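**Student:** sequence-free structure coming up:
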């Protein structure tokens, strides 16, 4: 019977140490690794097909979240457009959205035929070989600025043409 209190004391001390170790705030540490309790966002494969009209263009990219918390894309802007809107496409119907969730350890994919960005009221028509600067704003994370290359109007990222 004497060992039982020692075991309980050791277990209580271990539980207390683990509790204190878990008390660090979301801004402490580097935030890297799969145990992060915040979003860790990066952008891959951004591109804009050369617009076929002088007032509107589309944009595509993938936002990857390696962190342990979800985030939300809430706004997109660019100096090339009067406004940039976000759209989802489901069952052939395009619908404007005010935000998109980015799941923890997941991705948000904007691709041709699916969710996409619409650059409206173009101030200039981007040409193949140029880049367009795009600012992505999130609910929790800081903004990301992305250089989006302008590709041919028929560019397909899976073939590189």
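**Tutor:** All right, it came through fine. Remember, it's a predicted structure, so these values are computed and weren't measured experimentally.
**Student:** where does this protein dip in pLDDT?
**Tutor:** Residue ranges of the chain with pLDDT under 70: 1-36.
**Student:** so what's residue 82 up against?
**Tutor:** Shown in contact with residue 82 (CB atoms under 8 Å, 6 or more residues apart in numbering): 120-123. In this view, the C-beta of every residue, glycine as well, is placed from N, C-alpha and C.
**Student:** same deal with residue 79?
**Tutor:** Contacts of residue 79 by CB under 8 Å, 6+ apart are 123, 133.
**Student:** separation between it and residue 67?
**Tutor:** Distance of residue 79 to residue 67, computed by CB to CB, to the nearest Å: 29 Å.
**Student:** Next: residue 145.
**Tutor:** Counting by CB to CB, the gap from residue 145 to residue 67 is 19 Å.
**Student:** Show the backbone phi and psi for the most centrally placed residue in the chain.
**Tutor:** By CA atoms, centre = their mean, the chain has its centre lying nearest to residue 63, at 3.5 Å. Main-chain torsions, residue 63, degrees, to the nearest 10: phi -110, psi 120.
**Student:** quick one, helices of this protein?
**Tutor:** Assigned helices in the chain, in chain order: 3-21 (criterion: DSSP state H).
**Student:** ok, which stretches of it are strands?
**Tutor:** Using DSSP state E, the strands assigned to the chain run over residues 41-49, 56-65, 71-78, 81-90, 93-97, 100-102, 106-110, 116-122, 131-138, 144-151.
**Student:** can you tell me which of those comes nearest to residue 157?
**Tutor:** Among the strands of the chain, strand 41-49 comes nearest to residue 157, with 6.0 Å by CB to CB.
**Student:** The strands of the chain into a markdown table, with extra columns for distance to residue 160?
**Tutor:** Formatted as a markdown table, the strands of the chain follow (distance: least, CB to CB, whole Å):
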| stretch | distance to residue 160 |
| --- | --- |
| strand 41-49 | 11 |
| strand 56-65 | 14 |
| strand 71-78 | 24 |
| strand 81-90 | 23 |
| strand 93-97 | 26 |
| strand 100-102 | 26 |
| strand 106-110 | 18 |
| strand 116-122 | 19 |
| strand 131-138 | 17 |
| strand 144-151 | 9 |
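**Student:** wait, which of those strands is closest to residue 161?
**Tutor:** strand 144-151 (9.1 Å).
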